[in-house]
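1. okay, here's the prediction I keep looking at, along with the sequence it came from:
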Protein chains: 2
Amino acid sequence: MAPAQYNTVAGLVAGLESGNRRALARIISHIENNSELAQPLLAALYPRAGQAHIIGITGAPGTGKSTLVNALAGLYRQQDISVGIIAVDPTSPFSGGALLGDRVRMRDLAGDAGVFIRSMATRGSLGGLAQATADVIMVLDAAGFQRIIIETVGVGQSEVEIASTAYTTVVVEAPGLGDEVQAIKAGVLEIADIFAVNKADREGADRTAMALQMMLHLGAPDRQQTMHHGRMLPVSLPPDIAPDRQWTPPIFKTIATQKQGIEALLAGIEDHNRYLAESGTRQWRQYLRAATELRMILRDALLERVLQQLGEEAISETVQAVAQRRLDPYSAVRQLLEAYHHRINTA
Amino acid sequence: MAPAQYNTVAGLVAGLESGNRRALARIISHIENNSELAQPLLAALYPRAGQAHIIGITGAPGTGKSTLVNALAGLYRQQDISVGIIAVDPTSPFSGGALLGDRVRMRDLAGDAGVFIRSMATRGSLGGLAQATADVIMVLDAAGFQRIIIETVGVGQSEVEIASTAYTTVVVEAPGLGDEVQAIKAGVLEIADIFAVNKADREGADRTAMALQMMLHLGAPDRQQTMHHGRMLPVSLPPDIAPDRQWTPPIFKTIATQKQGIEALLAGIEDHNRYLAESGTRQWRQYLRAATELRMILRDALLERVLQQLGEEAISETVQAVAQRRLDPYSAVRQLLEAYHHRINTA
């Protein structure tokens, strides 16, 4: 039984601020289930968030990024910095599918009050995975976690996008997977603030690092130009916020299983954190995050209203016409929109 | 220089119907660039599509699914069946990142007039990757390709969803990757109509096949219930279309590099094709496809209208308020929607 005060927004927020774990877990449940308290909670917590440094860690399966996340979190804890971990990677031990050894390591981390681990369901979440992840990031941020690490598998479009909304995005590569070039082609290069070549004791680690170095010298596509293309609301930035392009992604070699190279990687992440603050780039990224998030929420809210207005019967008829190829989907959408606007105007 | 008749919808459609490759490529370009001809073309072609059998092939990187697609396409061609291939997998040789051997194999296939290969850009496409893929499937279908194979990397949420909208979805596993269990956890099991255990000459192939078999006996989550949850418009099916649940996914062992087991896999795909037609399930899946596609298009069309009505200035102000945490994104969306409806009512 949860305490009675955890049935209200005020009670839950107070619980969160006092560092209560149960309040945190209940808030996340409300949001994941889209309960009646979900939106009031998000509204109440939003002004309290904005302090955490958000770190995206992405890479192909087999690069060992979960172990790397684990080692990084452990090192942050040694420095008494609290860490929230959100795993949206179906191959990650944090999100459930793991060998026994990984599970044990994860349990060690989870026993620490300064760490909170949450895996995101990849299905059925209202408004999609990206929105659900953004909401949970915000809650952990409001709860006072100083670093929030989002781990995603860097091969899916949604997953890469989620990682790229972090303030610092670490792209993990490993030698011998044979797809360094592919990863670069797939647009991972343009989202990287930092590279980690993990499993650096394997043959080919130097070659992998060299290949990345060469690509960087050739000139990566400009992150500022490309990262959110078509995925955020159109915004004109205030004139005092100019994106800065002085950062060159450093490359770190790590052996996460032996905790080697983790200090340097962590220092690199913190360097980038400072760079963001000093150059004004952090503010710029906050605008990008807001523009991206608003777009996602607006799109889903609009759809919901239209469906409510038109009703299931009208929609079923349209779907039938499209399924039977009496009507193409684009014309069908035009008709649905006309019907919607007619409803609204005569309501 | 393209012939002048290829500058009109009627000319392009006539070109497509006469089997002209250049007309096909130009139509796809119009759609990818969202040119003025894009929507009239899609509307004109839609009634002409609906004949092709659409096959989704998905699996983790390293399962060899591109080689499998290649072998399948080759076998279809021996039977004089035309094949369109759409690669949305960043690790696929079809989409550009490949070893020399793969490129050569691909080129062999591409020299054949009965094969058309298209890779989808994973970024910047209007309305997202899923919609762009659906549009290109439709064009290849209207062009008369008898089988359309969509290859996606089965780890990303969007990619799994794209594959699951096919009529027949083949999930490719390989022994020794150590993530059979994860793949199943990640919800791949529920979308599989057919399993291929590729690289079957490797140690552990029998174990992988056995693990799949056991999962199937334990009872997979019902595809009909889960596959489109939250991702399609709500529809009530006509009473004469009842989803049928009699299909048990068969498991095929293949060695794609040696073209072993491909005949049996192809026969399995054709069995499923017949099953869909005879059981009425194909019609049911056509409804699901239509409901999913309409949802995607409607959502984007709505957003575009709202942005046009409200204008960039109003939107920038809202984004600023959210970025500076003076306003939470959900309240911001409510305000934007109210402003939109006010505009429309007074227009």
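-> Good, I have the coordinates.

2. domain parsing for chain A?
-> As given by automatic domain parsing, the domain ranges for chain A are A:1-47, A:49-284, A:298-346.

3. quick check: end-to-end length of the last one?
-> This means domain A:298-346. Domain A:298-346 has an end-to-end distance of 24 Å (Cα to Cα, to the nearest Å).

4. tell me the residue of the stretch 201-347 of chain A that sits nearest chain B?
-> A:D328 (3.4 Å; Cβ to the nearest Cβ). The way it works is simple: take the backbone N, C-alpha and C, and place the C-beta from them, glycine included.

5. in the stretch 51-200 of chain A, where is pLDDT below threshold?
-> Across the stretch 51-200 of chain A, the ranges flagged by pLDDT under 70 are A:89-108, A:121-128, A:154-160, A:164, A:177-189.

6. and what of the stretch 201-347 of chain A?
-> Residues of the stretch 201-347 of chain A that meet the criterion pLDDT under 70 lie in A:219-232, A:235-245, A:347.

7. just the strands in it please.
-> With DSSP state E, counting those that start in this stretch, the ranges of strands along the stretch 201-347 of chain A come out as A:251-253.

8. can you say which of the domains of chain A is packed in most?
-> domain A:49-284 (a mean of 20; mean count of other Cβ atoms under 10 Å in any protein chain shown).

9. please give me every residue in contact with the residue of the stretch 201-347 of chain A closest to chain B.
-> Taking Cβ atoms under 8 Å, 6 or more residues apart in numbering or on different chains, we find A:D328 in contact with A:322, B:42-43, B:46-47.

10. recalculate using a threshold of 6 Å.
-> For A:D328, the contact set (Cβ atoms under 6 Å, 6 or more residues apart in numbering or on different chains) comprises B:43, B:46.

11. in CSV: the domains of chain A, plus distance to B:R285.
-> Formatted as CSV, these follow (distance: least, Cβ to Cβ, whole Å):
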stretch, distance to B:R285
domain A:1-47, 28
domain A:49-284, 19
domain A:298-346, 9
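
12. nearest to B:T292, of these?
-> For the domains of chain A, proximity to B:T292 was assessed by Cβ to Cβ; domain A:298-346 is nearest, at 9.6 Å.

13. can I assume A:F116 sits in a helix?
-> No. Counting by DSSP: H, G, I helix; E, B strand; the rest coil, A:F116 is not found in a helix; it is strand.

14. so what would you say the end-to-end distance of stretch A:141-152 is?
-> Chord length of stretch A:141-152, first to last residue, is 19 Å (Cα to Cα).

15. and for stretch A:5-12?
-> Distance across stretch A:5-12, first residue to last, is 7 Å (Cα to Cα).

16. starting at the chain centroid, how far to it?
-> Relative to its chain's centre, stretch A:5-12 lies at 27 Å (Cα atoms, centre = their mean, to the nearest Å).

17. over to stretch A:24-38?
-> 18 Å.

18. pLDDT of that stretch, averaged?
-> On average, the pLDDT along stretch A:24-38 is 90.

19. list the contacts of that stretch.
-> Residues from elsewhere that reach stretch A:24-38, judged by Cβ under 6 Å, 6+ apart: A:6, A:9, A:12, A:16, A:41, A:126, A:135, A:139, A:143.

20. ok, those vs chain B, which is closest?
-> Nearest to chain B, judged by Cβ to the nearest Cβ, of those is A:L126 at 6.8 Å.

21. just to revisit the earlier point, how close does the residue of the stretch 201-347 of chain A closest to chain B get to A:A192?
-> Counting by Cβ to Cβ, to the nearest Å, the separation of A:D328 from A:A192 is 40 Å.

22. check A:M210 too.
-> According to Cβ to Cβ, A:M210 and A:A192 sit 16 Å apart.

23. distance of A:S279 from A:L288?
-> Noted for A:S279: a distance of 15 Å to A:L288, by Cβ to Cβ.

24. over to A:Q146?
-> Counting by Cβ to Cβ - A:Q146 and A:L288 are separated by 22 Å.

25. and if you look at A:A143?
-> 23 Å.

26. same check, this time on A:R22
-> 34 Å.

27. in a helix, A:D80, correct?
-> No. Secondary structure assignment (three-state DSSP) places A:D80 in coil, not in a helix.

28. what sits closest to it if chain neighbours are left out?
-> A:G114 (7.4 Å; Cβ to Cβ, 6 or more residues apart in numbering or on different chains).

29. from memory that neighbour sits against A:G84, does it?
-> No. Judged on Cβ atoms under 6 Å, A:G114 makes no contact with A:G84 at a distance of 9.7 Å.

30. biggest helix in chain A, by residue count?
-> helix A:281-323 (DSSP state H).

31. so what does it touch, helix or strand wise?
-> helix A:329-346, helix B:281-323, helix B:329-346 (3 or more Cβ pairs under 6 Å, 6 or more residues apart in numbering or on different chains; DSSP states H and E).

32. run the last query once more with 10 Å
-> strand A:53-59, helix A:128-142, helix A:157-164, helix A:223-226, helix A:262-279, helix A:329-346, helix B:281-323, helix B:329-346 (3 or more Cβ pairs under 10 Å, 6 or more residues apart in numbering or on different chains; DSSP states H and E).

33. put together CSV for those, with distance to B:Y167 on each row.
-> Shown next, in CSV, are these (distance: least, Cβ to Cβ, whole Å):
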stretch, distance to B:Y167
strand A:53-59, 32
helix A:128-142, 25
helix A:157-164, 23
helix A:223-226, 35
helix A:262-279, 46
helix A:329-346, 17
helix B:281-323, 6
helix B:329-346, 37
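
34. nearest to B:I262, out of those?
-> helix B:281-323 (23.9 Å).

35. what angle do helix B:128-142 and the closest one make with each other?
-> If you take axes from the mean of the first three to the mean of the last three Cα atoms, to 10 degrees, helix B:281-323 sits at 150 degrees to helix B:128-142.

36. now helix B:281-323 against helix B:262-279, angle please.
-> Using the same axes, to 10 degrees: helix B:281-323 against helix B:262-279 is 100 degrees.

37. A:L16 against A:A143, yeah?
-> Yes. The pair A:L16 / A:A143 is scored as a contact, 5.2 Å apart, by Cβ atoms under 10 Å.

38. now for the two: what residues contact both?
-> Counting by Cβ atoms under 10 Å, 6 or more residues apart in numbering or on different chains, the contacts common to A:L16 and A:A143 are A:23-24, A:27, A:45, A:48.

39. inside helices: which ones of these?
-> Using DSSP H, these in helices are A:23-24, A:27, A:45.

40. closest one of the residues you listed to chain B?
-> Distances from chain B to these, taken by Cβ to the nearest Cβ, are shortest for A:L45, at 8.0 Å.

41. how about the contacts made by the closest one?
-> A:9, A:12-13, A:16-17, A:27, A:31, A:135, A:138-139, A:141-143, B:328.
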